[in-house]
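Peer 1: How does the following fold in three dimensions:
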Amino acid sequence: MYQYYGTPGMLNIGYKYMYEQWLPNSDYEPDYDRHNLEFSMNNPDEDSEGKSKVHLFVPVKKRIF
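Peer 2: Below is the predicted model:
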C-alpha cells in the first residue's frame, strides 16, 4: 500500500513511484493478474489544502530470481 496525499490530478505520481522506484528495489514484482485498488480517505473539497488522501494498493508477488 502506498499512501498518497496531494492534488487529485497528480495521483499518477503515486503509481509512478510504486512501479518505477519501489518495486524495482524490492523483492517483489507486479502481479498483473490482479487489479490495483484505490481508496479515497477524504474529500478534497473539505481538505484545508484541497488535497486528496488516497491509499493505493498495488498487487505484488514474490520475485523469482
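
Peer 1: Buried residues in stretch 49-59, which are they?
Peer 2: S52, V54, L56, V58 (16 or more other Cβ atoms under 10 Å). C-beta: built from backbone N, CA, C; applies to glycine.

Peer 1: could I get these as a markdown table with distance to K16, pLDDT and secondary structure?
Peer 2: Formatted as a markdown table, those follow (distance: Cβ to Cβ, whole Å; pLDDT from 0 to 100; DSSP: H, G, I helix; E, B strand; the rest coil):
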| residue | distance to K16 | pLDDT | secondary structure |
| --- | --- | --- | --- |
| S52 | 16 | 96 | strand |
| V54 | 14 | 97 | strand |
| L56 | 11 | 95 | strand |
| V58 | 11 | 93 | coil |
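
Peer 1: Just the closest of these to G14, please.
Peer 2: Proximity of these to G14 was ranked by Cβ to Cβ; the top entry is L56 with 5.0 Å.

Peer 1: ok, the closest residue in space to the closest one that isn't next to it in sequence - contacts?
Peer 2: Using Cβ to Cβ, 6 or more residues apart in numbering and skipping the chain neighbours, the partner closest in space to L56 is Y2 (4.4 Å). Y2 is in contact with G14, Y17, M18, W22, H55, L56, V58, counting by Cβ atoms under 8 Å, 6 or more residues apart in numbering.
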